[in-house]
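Participant: Attaching a predicted model along with its sequence, questions to come.
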Number of protein chains: 2
Amino acid sequence: MKTNPFEKYFYPKTVCVAGASSKPLSLGYELTKTVIGYGYKGKLLLVNPKAEKILGVKCFKDIQSVPDEIDLAIVMVPKVFAEDTIKQLIEKGVVSIILITAGFKETGNEGEEAEQRIIDLVKKHNVRLVGPNCMGIINTLPSISLNATFVAEKPETGSMAFCSQSGAIGAAVLNSLRETDIRFAHFISVGNKADVNENDLLRYWQSDNNINVITYYLESFVDGEGFIKNFIDGSITKPVIILKAGKTSSGMKAASSHTGAMGSSDKVVNAIIKQFGLIRAETLNDLFNTAKGFENFPSPKGNRIAAVTNAGGPAILTVDTLEKNNLKLAELTQATMTKLKEIVHPEGSLNNPVDLLPGGTAEQYKLVNEILSGDPNVDAVISVFVEPVMVKALPVIEGINSIRSDKPILQVVMPLPEFWQEYREKSMYKLPLFRNPEDPAVVISNMFSFTQNRSGKKRLNQKAALYKSDLSKFSDQFLPLRITEEFAKLYKLPVIGSLIVKSGELESLNLDFPVVIKAVGKKLIHKSEFNAVSLNIKTQVELLAEAEAIIKATAKNNAEVEGFLIQPYVKPKFELLVGGFRDSNFGPMVMFGTGGKYVEYYEDTSIRSAYLCDDDIEEMINSTKIGRIIKGVRGEKPVDIQALKEVIKNLSQMMLDNNNISECDLNPLLVSENNKMYAVDVRIKLG
Amino acid sequence: MKTNPFEKYFYPKTVCVAGASSKPLSLGYELTKTVIGYGYKGKLLLVNPKAEKILGVKCFKDIQSVPDEIDLAIVMVPKVFAEDTIKQLIEKGVVSIILITAGFKETGNEGEEAEQRIIDLVKKHNVRLVGPNCMGIINTLPSISLNATFVAEKPETGSMAFCSQSGAIGAAVLNSLRETDIRFAHFISVGNKADVNENDLLRYWQSDNNINVITYYLESFVDGEGFIKNFIDGSITKPVIILKAGKTSSGMKAASSHTGAMGSSDKVVNAIIKQFGLIRAETLNDLFNTAKGFENFPSPKGNRIAAVTNAGGPAILTVDTLEKNNLKLAELTQATMTKLKEIVHPEGSLNNPVDLLPGGTAEQYKLVNEILSGDPNVDAVISVFVEPVMVKALPVIEGINSIRSDKPILQVVMPLPEFWQEYREKSMYKLPLFRNPEDPAVVISNMFSFTQNRSGKKRLNQKAALYKSDLSKFSDQFLPLRITEEFAKLYKLPVIGSLIVKSGELESLNLDFPVVIKAVGKKLIHKSEFNAVSLNIKTQVELLAEAEAIIKATAKNNAEVEGFLIQPYVKPKFELLVGGFRDSNFGPMVMFGTGGKYVEYYEDTSIRSAYLCDDDIEEMINSTKIGRIIKGVRGEKPVDIQALKEVIKNLSQMMLDNNNISECDLNPLLVSENNKMYAVDVRIKLG
């Protein structure tokens, strides 16, 4: 027998339901009924202190009385008995437990303590526990046929695995199966994720050959940095699609009152998902459509789309969705056009999207789809069919399904309702069909971005602790200026030289003008708000006058000037921002964009995990407006992009090396008229 | 009998089908069958040269033989006979014709000419024609019961009207009715819109008391400026929802090859739709969901949403959609919380979203929805129900449907598939239900924006031709600088004074420094690219040196310097853009945003029709990043926003008055350190 506890979760030879019930509509009854109804191939062991039999299956009084070895134990006893039941299961040597019972952490302090006691117990004995507060597990593979949930539907077999943090989302998906035609191999509801979480399942499903696509509904990440490390080290090769709820601050608030954990900002989640080649679904519909795409079609090798239709309108709605999804209309080759001319009605359209007119037949549809998918300029085909009176849908759809191509051909069908049942009953191919003109672009785009990301991304040679640093001796949140500058120079950040003097020392200085002076003082964090900065000072006389003016202006605001910082003046052509911060969930992050004092208002920044690839830096720069501008527009010379990349790379190395740095900003990172970069204000925050 | 041709389209006492056929699956047969099947209450007159009867209805040999007056003629004869048939109908005195036959403008030059001949004919006789290349008309109202399309579905009655430019989109919607539960009063497919178009239907439906909501699927506007004038003069008061396809350049290309007309940019369409209180739907689903909202629910008076659920996950997905749709979670009053405490399970959640847990009953759902909709802090309620094993869906849904409230209560239901049929058969209320957690926020937001826009927007007192202008004498595309400045000053635009001199004249000038010089010459449109500008010149010596340098730099680029423009130098704090342009479809437009030489790259502009309300200008400013910055951030004094508004208002007046101005730009409109505005570069383009 297999010893991996996850094999026992999904491929149990025996399942014990502790808390099986004889009362219809109770959860303990309905789950038992569902297990039996779906035809579980292993041995079902029911535990109930009173009943002799439930639904014809013999019951045992307690766990000790169960004669068999238990591969998987499903616990749904009242919560006051949960801990004791789990103790008994551990004594019996069970290693895979699902605790369905609710009323733990999600209900407040008392529940949280009870949950912690259970977790301490299972950790001590190296036992794994799914839940509590979850709704079960399904394996549709015919050798197992286990549906241990409350939803008595009969899911069909696919190669997708689905993990839902919300039981209700799981239930809603299961409720809809007969309409949505979602198929899967494994489903698991993980509830409070007290022990087993998304990270465990990620690694397990990667190793399970029955699984081709891994999907999640998540409200939070238990250990985001741990999750992404599986992608950084390349150990996950299967497509992973995530519907991450709690995107907006309202949604996060709702999610945190539900799951008890405040998550990362949505901007961080988005950046992480994109960077490591995961796929983010915006809706349940997108999640499962994309999964169906991976399960059933070859991945596109490019983003050039050909479309065929029997009607203009739906094709235009389809084409409208391409650009937003980084796809484009293919330019068909002349050879393709010549072939199409033989088939397409003279009043139809040979151009992409090809229009067969409402009279387009099954034969024409099949031929045109074959021709389009054979065109070297085409990476994927979308076939749109609105059922007219004179052409029946099924032969059209099946004709296209029968095409063998190494490119995906996705079909949008807008038929009379009878069609769907007919398709389910009569289709030989049962390939997924899409109902909305907007659906295929999302699927193709997601598949293409997966292909792109998994091929060719080379991770930077980032070493842990490039420089030994000991920042722990500093108690202030902000590292002192002198130390900050030295430290930044260690990482080759282009720090401009600066001098700190007391007010009285200004007169005796011997400076190379022009210079900048900035007042230094405890209350002077945002210097420009206090008029505590003066730029482009050209003479000693001007210097003293400006210092005087600053002291007066800040005095008005009750902010004492303790001294002045003096730097060479650089006339700025551009003001950039390069920075880093530590996300509570995903760890070190790096940022690039438009800098300067209006940085929050321009909202022109791009972020990534500090675990970078070369391409990531390039993408970061390109995904901002300032990034496109500094590459040289309107006849201007470009900024030294290679040097900028080094700054971003070195700052991310600093974030990786020093996990007590919570924030680091070069803002602004000035670009001078002659395209040199100067970090004129560097801040490092510890914590 | 009514004489308005549109009354005859939708309420005909007699319908004549010219081209009725006895061959099953032909369009002429199927449409006839559908008219009969749906139980048309008027008299059906069939014309077929050969058949005696079709489907039991007597046929006439030709139109002259029809004894009755014909209210509505539906022409589906082969295209070679179309013109002649229409002639006969005109002779018979018919004023309302639908030409279903295809093969006209959409197929090329020959078809276009044939279409034009028909249009000349009907215009000459004051007859109206819908089509060609369309798929018919429906009026579901029981007094008429006309389904004159090829789709033999039996649509249910509602108060919505739907106009589709695409027959296939119409067919797809009709195909789906039994699944989507879309109901409507009128449907019309307008095909090539050779005569009757969206503008005619807009005015007609506004006048028809059976219609409460007007919806469109459009690929182009026939006369955008004419369309919006109905909203400017306040003659349209009903909600108008538009799904405008051809949004992206690929989509527009696809649409134009389909309809033959290149449309306005999507940014213009979006701005227009928002400005005049129309509603834009992104998908067919959104279009009909929003229409259902208007048909069935009171409009929300604010944007504060309460949600109730029996499960966390779907509620979080719902809440996640609020912010994107300008809605927010309501703060429930203490009184509401106290009432909820009596009802909600102690392990559920009293906070918004209120969680009843899976055990939540029909009674609890009804009570909680009543309490939430009664809370003065709540403007709309979203109730989410995932069907669990132990609670049946129908009583929950019907209980909520039975609540009488002046606030909308929208329900998301995620049940087993059987529910939908049960609901259709047994529901007393038949209120629309939503299938996706994302749906209600879109509907509520659309309804709220309609309410907001239709109440309280005061149009500016814009007069036609505020100033008499005669720009027609200028043949150049760009108006000469001197004329431009004078003209701009007429409209009180803050033009900075400027002087134009020849190179040789520079020495003898007597200037107030600092100044700016710009080279003037035919090839010097984008001056900064040629280094043809020098700022902040402080002395006469500097002036001559800079002029020399410019002449050298431009000579390298083969651009001759014809002279210099000299302006006072203003140190810029901000660079704004105020501009105008004439859209080929919607007429005069005005623009505001971040200016300067990188204007295209910052993409921080907001546009509106020049037919402005006070609020429009405020919104324009607020919807840009620079607009928020100049209002004063980080302790800075705000720019004089009132003065800026005057500039925008005056420039839009200029666009309204002078319809030969195709473009006008103040870029940059400099804001100085002391917050004054200076238009240092004004360009007016004619055409």
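Facilitator: Noted; the coordinates are in hand.
Participant: Any residues of the stretch 51-200 of chain A in contact with chain B? List them.
Facilitator: For the stretch 51-200 of chain A, the residues in contact with chain B (CB under 8 Å from any CB of the partner chain) are A:102-103, A:106-107, A:111, A:150-153, A:164-169, A:171-172, A:175-176, A:178-179. Every C-beta, even on glycine, is put in place using the N, C-alpha and C of the backbone.
Participant: ok, the closest residue to residue A:611 other than its chain neighbours - how many residues close by?
Facilitator: For residue A:611, ignoring the flanking residues on the chain, the nearest one in space by CB to CB, 6 or more residues apart in numbering or on different chains is residue A:232 at 5.1 Å. Neighbour count of residue A:232, defined by other CB atoms under 10 Å in any protein chain shown: 17.
Participant: circling back: are any of the residues of the stretch 51-200 of chain A next to chain B buried, and if so which?
Facilitator: A:102-103, A:106-107, A:111, A:150-153, A:164-169, A:171-172, A:175-176, A:178 (16 or more other CB atoms under 10 Å in any protein chain shown).
Participant: Which ones among the residues you listed map onto helices?
Facilitator: A:111, A:167-169, A:171-172, A:175, A:178 (DSSP state H).
Participant: Nearest to chain B among those?
Facilitator: residue A:168 (2.8 Å; CB to the nearest CB).
Participant: so who does the closest one touch?
Facilitator: Counting by CB atoms under 8 Å, 6 or more residues apart in numbering or on different chains, residue A:168 touches B:310-314, B:358, B:386, B:414.
Participant: What score does the residue of the stretch 351-500 of chain A found nearest chain B have for pLDDT?
Facilitator: The nearest approach of the stretch 351-500 of chain A to chain B comes at residue A:414, 3.8 Å away (CB to the nearest CB). What the model reports for residue A:414 is a pLDDT of 96.
Participant: Residue A:384: what secondary structure?
Facilitator: strand (DSSP: H, G, I helix; E, B strand; the rest coil).
Participant: how close does it sit to residue B:241?
Facilitator: Distance, residue A:384 to residue B:241, using CB to CB, to the nearest Å: 23 Å.
Participant: between those two, who's got more neighbours?
Facilitator: residue A:384 (30 against 25).
Participant: For that one, name its beta-bridge partners.
Facilitator: Beta-bridge partners for residue A:384, by DSSP bridges, are residue A:309, residue A:412.
Participant: do you know how far it is from residue A:395?
Facilitator: Taken as CB to CB, the span from residue A:384 to residue A:395 is 16 Å.
Participant: cool, residue A:270 as well?
Facilitator: 43 Å.
Participant: Not counting sequence-adjacent ones, nearest residue to the residue of the stretch 351-500 of chain A closest to chain B?
Facilitator: residue B:172 (3.8 Å).
Participant: do the same with residue A:363
Facilitator: Closest residue to residue A:363 apart from its sequence neighbours, by CB to CB, 6+ apart: residue A:399 at 7.1 Å.
Participant: Now the one you found, what are its backbone angles?
Facilitator: Phi and psi for residue A:399, reported as degrees, to the nearest 10, are phi -60, psi -40.
Participant: Just give me the neighbour total for it.
Facilitator: 19.
Participant: quick one: it and residue A:366, what's the gap?
Facilitator: Distance, residue A:399 to residue A:366, by CB to CB: 4 Å.
Participant: Let me see the contact set for the residue nearest to residue A:585 when sequence neighbours are not counted.
Facilitator: When the adjacent residues along the chain are set aside, residue A:585 lies closest to residue A:224, with 3.7 Å between them (CB to CB, 6+ apart). By CB under 8 Å, 6+ apart, residue A:224 lies in contact with A:264, A:272, A:583, A:585-587.
Participant: Contacts for the strand or helix carrying residue A:44, please.
Facilitator: Assigned by DSSP states H and E, residue A:44 falls within strand A:43-47. Under the contact criterion CB under 8 Å, 6+ apart, strand A:43-47 has outside partners A:13-20, A:32, A:35-36, A:54, A:57-63, A:65-66, A:68, A:70.
Participant: who does it pair up with?
Facilitator: In the sheet, strand A:43-47 lines up with strand A:14-18 (parallel), strand A:57-60 (parallel) (DSSP bridges).
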